[in-house]
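In: Everything below, folded, please.
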Amino acid sequence: MLRKALSITVLALAAALPVSGTATELRVGFTTDALTLDPGNHRNRDTETIIRNLYDGLLTRNSKMNIVPELAESWKQVDPVTYDFTLRSGVTFHDGSLMTADDVVFTFQRLTLEGALDGKTSPRKDLVGPVKSITKVDDRTVRFTLKEPWPILPAMLPVQEVVSKAFTEKAGPQGLATQANGTGPFKLVEWRKGDTVIMERHDSYYGGATDIPPVGKACVERVIFRVIPENASRVAALLAGEVDIINELPPYDMKKVEANGKTRVMKVNGTRTFFVALNTSKKPFDDLRVRKAANMAVDRALIIDRVLLGTAVPLNGVMSPDAFGFNSDLPAYQFDVAAAKKLLAEAGYPDGVDVTLDAEGPFKDVVGAIAGMLSKAGIRAKVNISETSTLQAKWAPAGEKTGDMMFTSWGNGSLDPSDIFVPTLRTGGRGNRAFYSNKEVDALLDSADVELDQTKRANLYKKAQTIVNGEAPWIFMWLPQDIYGVSKRVSGWEPSADSRINLHDVCVK
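Out: Residues are numbered from 1 along each chain as shown. Predicted structure coming up:
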């Protein structure tokens, strides 16, 4: 008992020491704590980042978002609804037990079967798509059988981690929420909720994806995620050398980080599309001319330059420029107040319209700028700041559809159109805040969802993007960059568009 107490004391002291105390310790100043350590029981990117350093998946992505094998040695598509994955041999969990095909089957049954989490269904179920069954072909082969063709299965697997069947059955969902027994490059030492997650190197690590060099055990001996929600405190910790990497660096602090001499700014295009959803089901935005006027009334370039300090890419449609099937030929709605007023008059609103622009608190400054621009063009927008839950209820596709405009966003971590286009713009989609409905777009999305020829599939999405651009159910806004502050002691790390902070290959001087 005394030995255990001493061990805990030593860990506490180590976490309190300045980062210069050890050359093999890496510290990350992170905005939020993990919600859970159970890979199958969350839908949160920050939680995913922490978990993904403890657990590996069948497939992963490199920093350029290319899909590569990880726990799988290879994979092949047997037919339109069948995929076989060949597993690496000799991979062990942190407790020393061998990872087998049974563990992979158990992992995905836990994700896909109704009630598999002690009577509850995994919130990640729809991320695995129309999976009919997961079966063991032999000791090193696992087969996924789909109910229908779903070309993006490989693109969705990097965010699903493999758990130990024996450990999970012994610990149960409650145990898996706070303990970890993964195959990842680091193993859990201690999780102090709301404060720190402490990991140490898994010295028996199989090496990770062979397509992402260097292959082998992690470069650093210890990793600490420090939860620092407040922006100023997170930046101060970086500048003081208390942490080596911070996420969500505010744009206005970039100059401070660059001027420090010991730190630098690193950026990457994110995967979250920002837009203003226009309620197409009622006046005034049931009229295409009013929707076009709204797009022409907003000077996106000015907001990106002055408010976002150049850390975003303007969009003319749904998707990131890095996404599969992106249509680069979509025309931009040019900022033109006079033309916007003319369209409003043609639509029967010569004196303009009064509307409400809904948004969440963190976007107050941005929506204030948008509202000011809209008002100058005759779309007098009153800003309404509300809690997320309130807005979700107000703008639910099955709700009363009483809102006018909503500033919002949708993530696309897979960089595949079906992950963003279908939920936000298909009729009845769960994220269709514009209540947009177009039978031709629906047919194109449905066809693309099962089309295996990638060229044909891309063309279907490009055509759908053209239609949506022309019908303007949104004010098309931007794709922000993810901004990090990084110590110059750090090498071997690049930010990734999926927001994951992969620490396997990171070294510190």
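
In: Report pLDDT for the residue nearest in space to the middle of the chain.
Out: Here the mean C-alpha position of the chain is nearest to the C-alpha of Gly413 (Cα atoms, centre = their mean), at a distance of 4.5 Å. pLDDT, Gly413: 86.

In: wait, Leu452 sits on Pro151?
Out: Yes: if you go by Cβ atoms under 8 Å, Leu452 and Pro151 touch, sitting 5.8 Å apart. In this view, the C-beta of every residue, glycine as well, is placed from N, C-alpha and C.

In: Among those two, which residue is more densely surrounded?
Out: Pro151 (20 against 12; other Cβ atoms under 10 Å).

In: I'd like the distance between the more buried one and Glu440.
Out: Relative to Glu440, Pro151 is positioned 21 Å away (Cβ to Cβ, to the nearest Å).

In: Quick one: low-confidence residue ranges for the chain.
Out: 1-23 (pLDDT under 70).

In: what domains does the record give for it?
Out: 10-262+488-508, 272-481 (automatic domain parsing).

In: so who does Asn66 touch?
Out: Asp211 (Cβ atoms under 8 Å, 6 or more residues apart in numbering).

In: Now do it against Arg380, distance only.
Out: 47 Å.

In: likewise Asp139?
Out: Remark: distance between Asp139 and Arg380 (Cβ to Cβ) = 68 Å.

In: Just give me the longest helix of this protein.
Out: helix 454-471 (DSSP state H).

In: Residues in contact with it: which ones?
Out: 151, 288, 291, 316-319, 324-327, 329-331, 417, 421, 425, 436, 438, 440-441, 444-445, 447-448, 451, 476.

In: again, only this time at 7 Å
Out: If you take Cβ atoms under 7 Å, 6 or more residues apart in numbering as the criterion, helix 454-471 is touched by 151, 288, 316-319, 324-325, 327, 330-331, 417, 421, 425, 438, 440-441, 444-445, 447-448, 451.

In: Keep only those of these that are in helices.
Out: Within the contacts of helix 454-471, residues falling in helices by DSSP H are Leu288, Phe421, Leu425, Glu440, Val441, Leu444, Leu445, Ser447, Ala448.

In: Go ahead and confirm the second one touches Ala448.
Out: Put plainly, it is Phe421. No: if you go by Cβ atoms under 7 Å, Phe421 and Ala448 don't touch, sitting 8.4 Å apart.

In: Looking at the two, which has the bigger crowd around it?
Out: More crowded of Phe421 and Ala448, by other Cβ under 10 Å: Phe421, with 27 against 24.

In: Now for that one: which residues touch it?
Out: Phe421 sits in contact with Val318, Leu445, Tyr461, Ala464, where contact means Cβ under 7 Å, 6+ apart.

In: Go again with 6 Å.
Out: Val318 (Cβ atoms under 6 Å, 6 or more residues apart in numbering).

In: So it versus Asn432, what's the distance?
Out: According to Cβ to Cβ, Phe421 stands 11 Å off from Asn432.

In: In terms of neighbours, single out the busier of Asp139 and Arg380.
Out: Arg380 (15 against 10).

In: Would you give the sheet partners of the strand or helix carrying that one, along with the direction of each?
Out: Assigned by DSSP states H and E, Arg380 falls within strand 379-385. Its sheet considered, strand 379-385 pairs with strand 353-359 (parallel) by DSSP bridges.

In: Tell me which residues of the strand it pairs with come out buried.
Out: Val353, Val355, Leu357, Asp358, Ala359 (16 or more other Cβ atoms under 10 Å).

In: Tabulate those residues in CSV, adding columns for distance to Ser496.
Out: Below are those laid out as CSV (distance: Cβ to Cβ, whole Å):
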residue, distance to Ser496
Val353, 42
Val355, 38
Leu357, 33
Asp358, 31
Ala359, 28
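
In: Spell out the residue ranges of the helices in the stretch 101-250 of the chain.
Out: 101-112, 153-156, 165-178, 231-239 (DSSP state H, counting those that start in this stretch).

In: Just send these back as TSV, with mean neighbour count and distance to Ile303 too.
Out: TSV is the format used below for the helices of the stretch 101-250 of the chain (neighbours: other Cβ atoms under 10 Å; distance: least, Cβ to Cβ, whole Å):
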stretch	mean neighbour count	distance to Ile303
helix 101-112	21	40
helix 153-156	20	31
helix 165-178	16	41
helix 231-239	19	20
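
In: Kindly reformat those helices as a markdown table containing distance to Gly348.
Out: A markdown table is the format used below for the helices of the stretch 101-250 of the chain (distance: least, Cβ to Cβ, whole Å):
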| stretch | distance to Gly348 |
| --- | --- |
| helix 101-112 | 51 |
| helix 153-156 | 45 |
| helix 165-178 | 56 |
| helix 231-239 | 45 |
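
In: So for Gly372, which of these sits nearest?
Out: Among the helices of the stretch 101-250 of the chain, helix 231-239 comes nearest to Gly372, with 24.6 Å by Cβ to Cβ.

In: ok now that closest one, how far from the chain's centre?
Out: Distance of helix 231-239 from its chain centroid, counting by Cα atoms, centre = their mean, to the nearest Å, is 23 Å.

In: neighbouring strands for the lengthiest strand in the chain, and are they parallel or not?
Out: When the chain is parsed with DSSP state E, its longest strand is strand 474-487. As defined by DSSP bridges, the strand partners of strand 474-487 come to strand 245-246 (antiparallel), strand 263-269 (antiparallel), strand 272-278 (antiparallel), strand 312-314 (antiparallel).

In: Turn those into CSV, columns for distance to Ala301 and mean neighbour count.
Out: Output for the strands paired with strand 474-487, formatted as CSV (distance: least, Cβ to Cβ, whole Å; neighbours: other Cβ atoms under 10 Å):
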stretch, distance to Ala301, mean neighbour count
strand 245-246, 28, 27
strand 263-269, 17, 18
strand 272-278, 14, 23
strand 312-314, 7, 16
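
In: Including distance to Ala339, could those strands go into TSV?
Out: Shown next, in TSV, are the strands paired with strand 474-487 (distance: least, Cβ to Cβ, whole Å):
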stretch	distance to Ala339
strand 245-246	43
strand 263-269	30
strand 272-278	18
strand 312-314	18
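
In: Quick one: closest of the ones you listed to Lys193.
Out: Each of these was scored for nearness to Lys193 using Cβ to Cβ, and the closest is strand 245-246 (20.2 Å).

In: Next secondary structure element downstream of the closest one?
Out: helix 254-259.

In: Can you name every helix or strand that that following helix contacts?
Out: Secondary structure elements in contact with helix 254-259, counted by 3 or more Cβ pairs under 6 Å, 6 or more residues apart in numbering; DSSP states H and E, are strand 263-269.

In: got the contact list for the strand it packs on?
Out: With Cβ under 6 Å, 6+ apart, strand 263-269 has contacts from 238, 254, 257-258, 322, 481-487, 495, 497.

In: Can I get the buried part of those as one PyMOL selection?
Out: If you want just the buried ones from the contacts of strand 263-269 in PyMOL, going by 16+ other Cβ under 10 Å, the selection is:
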select buried, resi 238+254+257+322+481+482+483+484+485+486+487+495+497
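
In: tell me which of the contacts of strand 263-269 is nearest to Gly115?
Out: Checking the contacts of strand 263-269 against Gly115 with Cβ to Cβ, the nearest one is Ala497 at 34.4 Å.

In: Can you mark which positions in the strand holding Arg380 are buried?
Out: Per 16+ other Cβ under 10 Å, strand 379-385 contains these buried residues: Ile379, Ala381, Val383, Asn384, Ile385.

In: Put the alpha carbons of that strand into CSV.
Out: Taking C-alpha atoms only, strand 379-385 is exported to CSV below (Å, rounded to 0.1, in the frame of the first residue of the first chain):
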residue,chain,number,x,y,z
ILE,A,379,-31.9,41.8,-44.8
ARG,A,380,-32.2,43.2,-41.3
ALA,A,381,-30.8,40.4,-39.2
LYS,A,382,-31.3,40.3,-35.4
VAL,A,383,-28.7,38.1,-33.8
ASN,A,384,-30.0,35.5,-31.3
ILE,A,385,-27.4,33.7,-29.3
